[in-house]
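>>> Need coordinates for the below:
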Amino acid sequence: MPTPDETVARAIGERIQNIRTRTGKTREVVAGLVGRSEDWLRDVEKGRLKNPPALDVLLRLGQALGVRDLTEITGDHELLVGIARRAGHPVVPDIREAIESVDLSPAASPIDAVELRARVERAWRLWHTSATPRADAGAMLPQLIRDGRRAVRTLDGEERRAAAAALSGAYALSEQVLAWVADAPLLWLAADRCMSSAETADDPVTLASASWVLGNVWRATGREDDAYRLATDAVALLEPRLDGDQEAQALWGACHLHGAITAAKIGREGDALRGIDQAMGMARALPAGSAHPWTLFGVANAEVSAVSVQVELRKSGGALDAASIVDPDAVPSVDRRARLWLELSRAYAQQRDWLGTLGALRTATSVSEESMRSHPLARSLAVELVTHGGRITERQSRALAGQLGVTC
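The predicted structure follows:
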């Protein structure tokens, strides 16, 4: 007969699995967010542990699953623990304050919409070029968001629409910075504000850009079908502007890449490969060096996305083949360069090639340790290396896990 603790552990595990399944999150992602292995989470969900996880672990699980009240997991209505707010990086509280606060005071001086846009674009360049993008770009965002909100409130006509487009860009960057290090409600709010500002700007390119951002959030939170439809709608919105408008052309290609990765996550291989082909055709047609400031769409970006598509389709051999033609130094974003190596690490892990997994993940970490510490897939892979890599990689795997802030 099961002990009381075993019965409680089984009930908690069932609730965790039900919440995870309902929200469309994979074991790999949830386990990575709490710094544990996929096998450990499977044991938790199946009630194979003699005792339920400790409170601090339950809190991290609640954060990863996006629950607002820990009783959704524990079922103990006497235990009320608010866990909605999460700060997995020092920049999160200040960005949260800028997004959530209400400031009705007039601007101390007029805010120039053109200058506001230039500041937003500088922040995006910093995001793409820094090895610590969250720390560096994130530090610029609170004031950008405050100034953008005041500009939209105080300007009129075309200036107001231009300010709204710039503010949409600031919210879009905040979504990138907050992903995986903030709670789901704050991430959703940033994406919603991004789209709302784009609607105020009333510009097809800005609306499609915001759709790219919102689609990223939908894809990450289990709404892949909605995300794919949104990417398709954004492509259609841009179609009339493709003749001679390089920004629209680049964003059209970026939306195809977003749709391709989303289609791959839900097993629609034909749509995924077709999206990569269409995006690559546009990338090759654009002048060298041209890029949308948010997405940095281009040939190298399309090649990295092709690797991601193969990994999502669990075709590890195809992912390694796709990666063989990518020049990492040509990838214009440090964060995405690190992501390329992370995708290679995932491909090697699918083949149970733990030496390859370790080597690729170490390279990803050397490119941007901050990005890998923040990404649940990197943290999950670090745990998998320790638990499955064997004696030959154990010492190096434990050192890497510690570098990524994971306790094994």
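
>>> Give me the distance between the two termini of stretch 74-88.
23 Å (Cα to Cα, to the nearest Å).

>>> tell me the mean pLDDT over it?
Mean pLDDT, stretch 74-88: 57.

>>> How about residues contacting the helix or strand where Arg362 lies?
Assigned by DSSP states H and E, Arg362 belongs to helix 354-367. Contact partners of helix 354-367, identified using Cβ atoms under 8 Å, 6 or more residues apart in numbering, comprise 131, 334, 337-342, 344-345, 348-349, 371-372, 378, 381-382, 384-385, 388-390, 392-393, 396-397, 400, 403-404. Quick note: C-beta positions are derived from backbone N, CA and C, even for glycine.

>>> and the nearest residue to Gln350 once chain neighbours are set aside, how many neighbours does it have?
For Gln350, ignoring the flanking residues on the chain, the nearest one in space by Cβ to Cβ, 6 or more residues apart in numbering is Ser316 at 4.0 Å. Counted with other Cβ atoms under 10 Å, the neighbours of Ser316 add up to 20.

>>> coming back round to it: go through the helix holding Arg362 and flag the buried ones.
Applying a neighbour-count criterion of 16 or more other Cβ atoms under 10 Å, one finds 354, 356-365, 367 buried in helix 354-367.

>>> Other residues contacting whatever helix or strand comes next after it?
Where DSSP H and E defines the elements, the next helix or strand beyond helix 354-367 is helix 369-374. For helix 369-374, the external contacting residues (Cβ under 8 Å, 6+ apart) are 88-89, 131-135, 179-181, 334-335, 338-339, 342, 361, 364-365, 378-379, 403-405.

>>> Now the buried members of those residues.
88-89, 131, 133-134, 179-181, 334-335, 338-339, 342, 361, 364-365, 378-379, 404.

>>> Kindly state the domain boundaries assigned to this protein.
Domain ranges of the chain: 4-74, 88-201, 203-332, per automatic domain parsing.

>>> picking up where we left off before, how much space between the residue nearest to Gln350 and Ser345?
Using Cβ to Cβ, to the nearest Å, one gets 11 Å for the distance from Ser316 to Ser345.

>>> Please apply the same query to Gly405.
17 Å.

>>> ranking the domains of the chain by mean pLDDT, which is last?
domain 4-74 (a mean of 81).

>>> Nearest spatial neighbour of the most centrally placed residue in the chain, chain-adjacent residues omitted?
Geometric centre of the chain, nearest residue: Ala179, 4.6 Å, by Cα atoms, centre = their mean. Nearest non-adjacent residue to Ala179, counting by Cβ to Cβ, 6+ apart: Leu187, 6.5 Å away.

>>> What residues does the one you found make contact with?
With Cβ under 8 Å, 6+ apart, Leu187 has these contacts: 175, 178-179, 217.

>>> now with 10 Å?
66, 86, 174-175, 178-181, 216-217, 220-221 (Cβ atoms under 10 Å, 6 or more residues apart in numbering).

>>> Give me the common contacts of Ser316 and Ser345.
In terms of Cβ under 10 Å, 6+ apart, Ser316 and Ser345 are both contacted by the residues 353, 356.

>>> Apart from its chain neighbours, what residue comes closest to Asp94?
Pro142 (4.6 Å).

>>> Which parts of the stretch 1-150 of the chain are strands?
For the stretch 1-150 of the chain, strands defined by DSSP state E, counting those that start in this stretch do not occur.

>>> Please, where are all the helices along it?
In the stretch 1-150 of the chain, the segments counted as helices under DSSP state H, counting those that start in this stretch are 4-22, 27-33, 38-45, 55-65, 71-74, 92-100, 113-129, 133-154.

>>> ok so, going back, next one: the residue nearest to Gln350 from Leu342, what distance?
From Ser316 to Leu342 the distance is 14 Å (Cβ to Cβ).

>>> one step back: what residues are up against the residue nearest to Asp94?
Pro142 touches 91, 93-99, 101, 170, 174, counting by Cβ under 10 Å, 6+ apart.
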